Each structure stands twice: as C-alpha cells, then as structure tokens.
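A.B. asks: Would you be able to build a 3D model of this:
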Amino acid sequence: EVQLVESGGGLVQAGGSLNVSCAAAGFTFDHYSIAWFRQAPGKEREEVSCISGNGAAAYYADSVKGRFTISRDNAKNMVNLQMNNLKPEDSAVYYCANPLSCEGYEKFVTSYLGPGAQVTVSS
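C.D. replies: This next block holds a predicted model:
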C-alpha cells in the first residue's frame, strides 16, 4: 500500500524559514518523482515543486523559485522541502505526491493523500 506522510511545517513570521518532509513507503521510491502541492482554505490546489526519481532534476513554481529547495534521500525514502524567506501567501497545507515523472506534474491527481503539513506565515 502506498503511503505518503508529511511532517514538519508550523508557524513562522514573514521572512522566516520552515521545513516540511515527506516519508514514503509501499512503492519503489527511486522509480518515482515526488511532488509538493499546497492548498489554502477556499483556494484551489497549487503546485509547488517536483524532484525526479534520482534527484538530478528539480522544478519549482514561479511563486517559490529562489526561496524553496527540494531534495530527496533515496536511502531513507524521504523528500524534504526547505522553505526560506516565507511570505503570508505561502500559508497552506502542504501535501506530497508520487508522479512517475515531473513532466506535467501540475496536473497529477493522486490517490494517496497524506495528512498534510500545515504552514502558517504571519505578516
């Protein structure tokens, strides 16, 4: 059974940093890309970032480029999203998903939704 469990996040002032992690199980981890999405109350899901299975390629939404860094540890089946210079508009619940490829990851629909990690940025 595929499991994707997010952790981390929290409350921080604007300009601060937070980290969210995604722990994966139930599939061959390095065969899959891992993508991060976020959803704020009353808003549609927004893609954030994606990293390829071997970690060689990473992609970012324009809204987070230069501030967020995605990385993965295939030995631990973990993906990390380091978020710096956070803005109030980054506040959302962050979810990870496992598309086969980062190409078109913005449209990926996941069947395996974890609990999410709450990120709240105060102004």
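A.B. asks: Any idea how many residues pack against the closest residue to Leu100 other than its chain neighbours?
C.D. replies: Of all residues not flanking Leu100 in the chain, Tyr32 sits nearest, at 6.0 Å (Cβ to Cβ, 6 or more residues apart in numbering). Placement of C-beta: from N, CA and C, glycine included. When neighbours are counted by other Cβ atoms under 10 Å, Tyr32 registers 17.
A.B. asks: quick one: pLDDT of Tyr32?
C.D. replies: Per-residue pLDDT puts Tyr32 at 97.
A.B. asks: residue contacts, it?
C.D. replies: 53, 98-100 (Cβ atoms under 8 Å, 6 or more residues apart in numbering).
A.B. asks: For the residue sitting nearest the centre point of the chain, what is the enclosing helix or strand?
C.D. replies: Per Cα atoms, centre = their mean, the C-alpha nearest to the average position across the chain is that of Trp36, at 2.6 Å. Element membership for Trp36, per DSSP states H and E: strand 34-39.
A.B. asks: how distant is that strand from the center of its chain?
C.D. replies: 4 Å (Cα atoms, centre = their mean, to the nearest Å).
A.B. asks: which other helices and strands contact it?
C.D. replies: Counting by 3 or more Cβ pairs under 8 Å, 6 or more residues apart in numbering; DSSP states H and E, the packing neighbours recorded for strand 34-39 are strand 18-25, strand 46-51, strand 68-73, strand 78-83, strand 92-97.
A.B. asks: Please repeat the previous calculation with a cut-off of 7 Å.
C.D. replies: strand 46-51, strand 92-97 (3 or more Cβ pairs under 7 Å, 6 or more residues apart in numbering; DSSP states H and E).
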